[in-house]
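Student: Kindly return the folded structure for what I paste below:
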Amino acid sequence: MISCSFALFIPLCLTLVTGCKEKPVIEVVEFPQSFADLVDKVQPAVVNISTTTTVRVPGHPFQHFFGENQNDPFGDFFENFFGAVPDRELKQRSLGTGFIIDKNGLIITNNHVVERADEIKVRLTDSREFKAAVIGRDPKTDLALIKISSPFEKLPVILLGDSDKIRVGDWVLAIGNPFGLEHTVTKGIISATGRVIGSGPYDNFLQTDAPINPGNSGGPLINLRGEVVGINTAIVPGGQGLGFAIPSNMAKAITAQLADKGVVTRGWLGVSIQKVTPELAASFGRQDNLGALVTDVVQQSPAERAGVKTGDIIVNFAGRRIKEAGDLSRFVAETQINRDVAIKLFRAGQEVNLDVHLEEFSEEKITRLSNAAADELGIELAVLDSTWRKKLGNRDLAGVVVVAVAAKSPAAAAGIESGDIIKEVNRRPIKTPDDFFAA
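Tutor: Sure, this is the predicted structure:
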């Protein structure tokens with residue numbers, strides 16, 4: 001009886017809607033009964049990537065038993081009676097995914113899939129197998145470009161779409177090799193855009209609930225037009241339905257540089273920034289909390305020469321609107337260097353327009369400025385390596401360790417103490433002292 005009433009209710013509702021003269025709120029787009037045709041179109045361009053890496057391990061089981069750089073009685077015992085035991089070399093194998101973007105054999109994947117590989121092999125859906133070489137890598141965005149040589153072979157390709165057009169709720173497919181299960185296809189929707197997950201300085205991930213697992217890294221996230229809108233990169237351990245992909249537009253910019261010169265050059269402005277909270281916006285007399293608040297300006301930087309000051313709120317860079325602080329970091333990094341760029345900011349309630357001559361981001365330059373900044377702050381930092389983790393009694397720590405703080409220094413006045421761990425600056429994850437001073 002219940003099922004009968006339900007069956008009658010649906011036609012009645014449909015009749016009412018059909019008879020309504022008002023325009024529907026949304027236009028219903030026909031949903032495919034199957035994704036099979038779409039998968040047949042794109043899957044041949046998705047490849048399995050297997051890598052081999054040589055790792056060195058201690059020659060005897062008790063080497064470094066008490067930690068590196070520590071007294072090692074077991075090691076001394078073995079060396080006294082048996083002589084020095086050389087380290088052993090082991091072959092470590094791992095799997096990932098990639099996809100072919102042109103008929104010359106260029107393949108996009110994740111940097112972490114190939115970064116330490118001695119040998120890279122690529123296998124297509126038709127079981128053809130090729131050796132691949134690294135064209136370029138970009139650890140900051142976890143992207144890499146590799147190439148297979150196939151002069152007499154016709155290679156399938158897949159197009160990179162426009163990730164700026166993706167909307168929350170759009171259907172997507174993920175193709176990859178989870179746990180070595182080749183060419184697995186899963187479906188889901190875009191759950192969110194612009195996600196910051198603390199993996200690097202330029203986080204801007206697409207979030208999807210399409211199942212992604214180890215082995216999917218570097219594989220494509222595909223829209224219903226058969227275009228790549230994201231590169232599957234990260235998962236949250238234990239978090240079902242949480243997968244993250246690098247937007248295709250970011251991949252276009254990065255891989256174009258990698259294909260051209262093998263490395264990525266980025267712009268440098270020379271400011272420290274933070275999010276404009278509603279409270280800060282109110283204190284500055286702003287009606288909204290858009291933009292990036294400048295908390296410091298590096299001496300001898302492009303920003304200083306252009307006239308940017310601490311307390312400015314930058315709201316537009318090179319014609320691109322800044323909604324939150326992280327946008328500015330990405331926009332600067334993506335902008336061509338050695339050119340003048342227009343920026344719009346608010347200072348003391350007034351709109352100010354400036355032109356800044358953007359310079360190249362240089363690790364050497366940042367290190368030099370970092371050393372000067374360290375002296376000014378009165379702080380000494382170190383990389384949080386395995387030795388420091390053991391000293392601090394926590395192997396899961398991430399960040400940089402404060403080695404020393406000068407008395408009566410700005411760092412001391414801020415309450416920073418020796419032994420503290422600094423994990424983030426301006427919401428950006430910190431892994432090295434240079435990261436700290438560049439943030």
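Student: Find the residue ranges of the stretch 151-300 of the chain scoring beneath the pLDDT cut-off.
Tutor: Along the stretch 151-300 of the chain, the model assigns pLDDT under 70 to residues 151-152, 237-239.
Student: show me where it has strands.
Tutor: Listed in chain order, the strands found in the stretch 151-300 of the chain under DSSP state E, counting those that start in this stretch are 171-176, 184-195, 205-208, 220-222, 228-235, 243-247, 267-268, 271-275, 292-297.
Student: and the last one with strand 271-275, angle?
Tutor: So that's strand 292-297. With axes from the mean of the first three to the mean of the last three Cα atoms, to 10 degrees applied, the angle from strand 292-297 to strand 271-275 works out at 140 degrees.
Student: List the buried residues for strand 292-297?
Tutor: For strand 292-297, the neighbour count (16 or more other Cβ atoms under 10 Å) marks 292-294, 297 as buried. Just so you know, the C-beta spots here come from the backbone N, C-alpha and C atoms, and that holds for glycine as well.
Student: about what we covered before: winner for burial among the strands of the stretch 151-300 of the chain?
Tutor: strand 220-222 (a mean of 32; mean count of other Cβ atoms under 10 Å).
Student: what's that strand packed up against?
Tutor: Other helices and strands packing on strand 220-222, by 3 or more Cβ pairs under 8 Å, 6 or more residues apart in numbering; DSSP states H and E, are helix 36-42, strand 171-176, strand 228-235.
Student: Sheet-wise, list the partners of that strand with their directions.
Tutor: strand 171-176 (antiparallel), strand 228-235 (antiparallel) (DSSP bridges).
Student: who wins for proximity to residue 56 among the ones you listed?
Tutor: strand 228-235 (28.3 Å; Cβ to Cβ).
Student: how's this protein carved up into domains?
Tutor: Domain ranges of the chain: 44-148, 163-261, 267-360, 363-438, per automatic domain parsing.
Student: State the distance spanning the first to the last residue of the first one.
Tutor: This means domain 44-148. Domain 44-148 has an end-to-end distance of 15 Å (Cα to Cα, to the nearest Å).
Student: Now the phi/psi pair for residue 399, please.
Tutor: Residue 399 adopts backbone torsions of phi 130, psi -150, taken as degrees, to the nearest 10.
Student: Excluding chain neighbours, give the residue nearest to residue 381 in space.
Tutor: The shortest distance from residue 381 to any non-neighbouring residue, by Cβ to Cβ, 6 or more residues apart in numbering, is to residue 433 (4.0 Å).
Student: elements contacting the helix or strand containing residue 341?
Tutor: Taking DSSP states H and E as the criterion, residue 341 maps to strand 340-347. Packed against strand 340-347 by the contact rule (3+ Cβ pairs under 8 Å, 6+ apart) you find strand 313-317, strand 350-357.
Student: let's see it at 10 Å
Tutor: Counting contacts by 3 or more Cβ pairs under 10 Å, 6 or more residues apart in numbering; DSSP states H and E, strand 340-347 is packed against strand 292-297, helix 302-306, strand 313-317, helix 325-334, strand 350-357.
Student: Of all those, which one is nearest residue 38?
Tutor: helix 325-334 (30.5 Å).
Student: how many other residues sit next to residue 331?
Tutor: Neighbour count for residue 331, taken as other Cβ atoms under 10 Å: 22.
Student: swap that for residue 179, sorry
Tutor: Counted by other Cβ under 10 Å, the residues lying close to residue 179 total 11.
Student: ok, now which ones touch residue 280?
Tutor: 274, 286, 289, 293, 313 (Cβ atoms under 10 Å, 6 or more residues apart in numbering).
Student: With distance to residue 166 added, can I get the helices and strands packed on strand 340-347 in a markdown table?
Tutor: Shown next, in a markdown table, are the helices and strands packed on strand 340-347 (distance: least, Cβ to Cβ, whole Å):
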| stretch | distance to residue 166 |
| --- | --- |
| strand 292-297 | 24 |
| helix 302-306 | 32 |
| strand 313-317 | 22 |
| helix 325-334 | 16 |
| strand 350-357 | 31 |
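Student: right, and those - which one's nearest residue 139?
Tutor: Nearest of the helices and strands packed on strand 340-347 to residue 139, taken as Cβ to Cβ: helix 325-334 at 13.4 Å.
Student: I'd like the mean pLDDT over that closest one, please.
Tutor: Helix 325-334 shows a mean pLDDT of 89.
Student: Would you give the sheet partners of the strand holding residue 341, along with the direction of each?
Tutor: Strand 340-347 is paired, per DSSP bridges, with strand 313-317 (antiparallel), strand 350-357 (antiparallel).
Student: Using CSV, write out the CA atom coordinates for the last one.
Tutor: The reference is to strand 350-357. Listed next in CSV are the C-alpha coordinates belonging to strand 350-357 (Å, rounded to 0.1, in the frame of the first residue of the first chain):
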residue,chain,number,x,y,z
GLN,A,350,42.9,55.3,0.7
GLU,A,351,43.4,53.4,-2.5
VAL,A,352,47.0,53.5,-3.7
ASN,A,353,48.3,52.3,-7.1
LEU,A,354,51.9,51.3,-7.5
ASP,A,355,54.1,49.7,-10.2
VAL,A,356,56.6,47.1,-9.0
HIS,A,357,59.5,45.6,-11.0
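Student: Would you mark the buried spots in it?
Tutor: 352, 354, 356.
Student: what's downstream of that strand, the next helix or strand?
Tutor: strand 359-360.
Student: what is the mean pLDDT for that next one?
Tutor: Strand 359-360 shows a mean pLDDT of 90.
Student: For that strand, name the packing helices and strands.
Tutor: Here strand 359-360 touches strand 267-268, going by 3+ Cβ pairs under 10 Å, 6+ apart.
Student: still on that earlier bit, how about the helices and strands packed on strand 340-347, which one is nearest residue 260?
Tutor: helix 325-334 (14.9 Å).
Student: quick one: the closest one to strand 313-317, angle?
Tutor: Using the same axes, to 10 degrees: helix 325-334 against strand 313-317 is 40 degrees.
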